[in-house]
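sharing a sequence plus its predicted fold:
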Amino acid sequence: MATMKQLIDQIIDEKAQGNTFQQLNVEFKLMLKGIPLKNIDASTPDDPAILDMIYSAAKDFNIQLKR
Amino acid sequence: MYFKSVYSTQTSIEKAVQELKNNLEGFETNLVLFFASPQYDAEVLGSVMQRVFSGCSTLGCTTSGEITSGKMLDHAIVAMAFHPDALLDYKVEVLTSIRSNDRVVDEAFASFANYFVSPMANMDPSEYVGMVLIDGLSGCEEVINERIGDLTNVSFVGGSAGDDLRFKTTYIYANGKAYEEAALLFLMKPTLPFSILKTQSFQDTGKVLTVTQTDEAKREITTLNGQPASVAYADALQVKQEELSKHMFKNPLGLMLAKDEPFVRSPRVIEEDRVLFYCNVKKGMELHLLRSTDIVKDTQKALKDYEDKLGKISALINFNCILRTLDLKEQNRTQEYADLFHHVPTVGFSTYGESYIGHINQTATILLLHEK
């Protein structure tokens, strides 16, 4: 499974609400939470530790992720 | 004129505050933001500021050096008075017991939501901006900034209170009181357009160090690239391990997203093979080795770029890292730096860390208010 990129994109879309400046801010926020955004693309296999961080970030942002 | 900046170097609190008041004669204000040297008794200063500026909100913190239009000072009080028309509205919350209460930001935001009749999550970041001041010895900057960013898209900019490098006590001032182990959130709706400038004077060397073992709570990296942290850091710099501490100041590490836009993580000290930082780092983070560039030129260019893009600056609040100030002092260039702000009402201070999206080091985070 390679769902991490899709989940991250969902978080960015929902939190930034289409604002490109906010998209960059959300990316910084995710990186500061320890999510290695630059190393994750659509083919990156799921890593349980990173998935935990992604779900935790979604919870912090009050975002419901759809798989 | 919406803003006026003043300062005093008087050592007597009464005389210093009276000098601020005299220099604001004829300027109508309802809010005074001030940054003060720790040489002044904090409780007395807070109280005297509120008495002399009665009817105004008085907010601020202690410093490790003060900044006003055209001057970088030590052992002074700098202040910016806001005209009542400068802000359409504002609200201040003091966060106390910040080490033990992990709900402080949520509680402050609930108060903001109640006051502005809108949840913080729904507030328009183009209409509102926040300022955050945090006890610079609390170690709480990461938690507070992260929670702010979780709950809102409104930008908060600020810095960590200092105490002239004594590392004993810092204070947050609000409406007549001085608080220890505290933070202040100041949410405002400015009349003027605004922006936030984050500037740091470093280039990416292209060398990457991955954090493989860390103690986040202690802001300590144990290993980088699987090696003892100081060994890997020294190798990347191509210096002997025993010489690393001499080079770290000019070569901190940076978390990069965009090119030339690091979130700087500055090393503080080496203990055995471990490297302790001024902010936390997480396991797995890829940190880029940075190389210092010219603070004055870089800041000048950044200010010009913002002015060209967003219009003339009518006032600014500068949270300038103490490490930048020390670097400028070492080069005898504080006046050159201060001159960048001589033409505009300016207030600021040398911080123990800067806030913008997260907690950062060796950076200036600046709230710019532009002309309409």
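Yep, it's here.

residue B:361 touches residue B:320, doesn't it?
No. Assessed by C-beta atoms under 8 Å, residue B:361 is found out of contact with residue B:320, at 11.7 Å. Using the backbone N, CA and C atoms, a C-beta is placed for each residue, glycine as well.

what touches both of those two?
residue B:354 (C-beta atoms under 8 Å, 6 or more residues apart in numbering or on different chains).

which parts of chain A are helices?
A:4-16, A:20-32, A:48-60 (DSSP state H).

ok, and the closest non-adjacent residue to residue B:227?
Excluding its sequence neighbours, the residue lying closest to residue B:227 (C-beta to C-beta, 6 or more residues apart in numbering or on different chains) is residue B:235, at 7.5 Å.

ditto for residue A:23
Using C-beta to C-beta, 6+ apart, the nearest residue to residue A:23 is residue A:16, at 4.2 Å.

try residue A:5
Closest to residue A:5 by C-beta to C-beta, 6+ apart is residue A:42, at 4.8 Å.

tell me who's in contact with the one you found.
Residue A:42 neighbours (C-beta under 8 Å, 6+ apart): A:2, A:5, A:6.

please indicate which of those are buried?
Buried by 16 or more other C-beta atoms under 10 Å in any protein chain shown: residue A:5, out of the contacts of residue A:42.

so which of the contacts of residue A:42 is the closest to chain B?
residue A:5 (15.7 Å; C-beta to the nearest C-beta).

can you pull out the helices in the stretch 51-200 of chain B?
B:104-116, B:141-151 (DSSP state H, counting those that start in this stretch).

nearest to chain A: which residue in the stretch 101-250 of chain B?
Counting by C-beta to the nearest C-beta, the stretch 101-250 of chain B gets nearest chain A through residue B:150, at 4.2 Å.

how many residues are close by that residue?
19 (other C-beta atoms under 10 Å in any protein chain shown).

against residue B:152, how distant is the nearest residue to it once chain neighbours are set aside?
Distances taken as C-beta to C-beta, 6+ apart place residue A:60 nearest to residue B:150, at 4.2 Å, with adjacent residues excluded. To residue B:152, residue A:60 is 12 Å away according to C-beta to C-beta, to the nearest Å.

about what we covered before: as TSV, the helices of the stretch 51-200 of chain B with mean pLDDT would be great.
Shown next, in TSV, are those (pLDDT from 0 to 100):
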stretch	mean pLDDT
helix B:104-116	98
helix B:141-151	97
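
those into TSV, with extra columns for distance to residue B:281?
Formatted as TSV, the helices of the stretch 51-200 of chain B follow (distance: least, C-beta to C-beta, whole Å):
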stretch	distance to residue B:281
helix B:104-116	22
helix B:141-151	10
